[in-house]
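Q: For reference, the sequence and a predicted model appear below.
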Amino acid sequence: MTAKEIMTTDVVTISGSATVAEAVKLMKEKNVRALIVERRNPQDAYGIVTQRDIAYMVVAEGRNAASVAVHEIQSKPLVVVNPDLDVKYVARLLANTGLSRAPVIYQQELQGVVSISDIVNKSL
């Protein structure tokens, strides 16, 4: 089984210029814990913003979510996964890096996201 066979393809994205308040609203609407931050141009890397990023870098620091831009707290560049990578290697990559999810990129284009939940729920 490969990453492309278990990945989530309905990926929710957001602009880096959006506010954290907008990101939280989108996360609630789509019932997701992370958003992929869109590239500014084709040569740019994708980013990610997670609930943890928001809790640690905005809420815990007493910052105003309506005045903080997503690009200020995103993680970038990302550990990415090739769609043809075997699931056992995806699991090892996530375990070794301490990540819970990674975008699946092919020819510099976002194909999906693979998470620990995908591995557990879809590969067994």
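A: Alright, I've got the coordinates.

Q: And the strands in the protein?
A: Per DSSP state E, the chain carries strands over the ranges 13-14, 34-37, 47-50, 101-106, 109-115.

Q: Reformat these as JSON lines; add mean pLDDT and distance to residue 59.
A: For every residue, glycine as well, the C-beta is placed using N, CA and C. Formatted as JSON lines, the strands of the chain follow (pLDDT from 0 to 100; distance: least, CB to CB, whole Å):
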{"stretch": "strand 13-14", "mean pLDDT": "98", "distance to residue 59": "18"}
{"stretch": "strand 34-37", "mean pLDDT": "97", "distance to residue 59": "16"}
{"stretch": "strand 47-50", "mean pLDDT": "97", "distance to residue 59": "13"}
{"stretch": "strand 101-106", "mean pLDDT": "96", "distance to residue 59": "21"}
{"stretch": "strand 109-115", "mean pLDDT": "96", "distance to residue 59": "23"}
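
Q: Make CSV out of these and add distance to residue 80 and mean neighbour count.
A: As requested, the strands of the chain are exported to CSV (distance: least, CB to CB, whole Å; neighbours: other CB atoms under 10 Å):
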stretch, distance to residue 80, mean neighbour count
strand 13-14, 15, 18
strand 34-37, 11, 24
strand 47-50, 10, 23
strand 101-106, 4, 20
strand 109-115, 9, 20
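
Q: Rebuild the ones you listed as JSON lines, extending it with distance to residue 85.
A: Shown next, in JSON lines, are the strands of the chain (distance: least, CB to CB, whole Å):
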{"stretch": "strand 13-14", "distance to residue 85": "22"}
{"stretch": "strand 34-37", "distance to residue 85": "18"}
{"stretch": "strand 47-50", "distance to residue 85": "18"}
{"stretch": "strand 101-106", "distance to residue 85": "8"}
{"stretch": "strand 109-115", "distance to residue 85": "9"}
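
Q: Brilliant, that's me finished.
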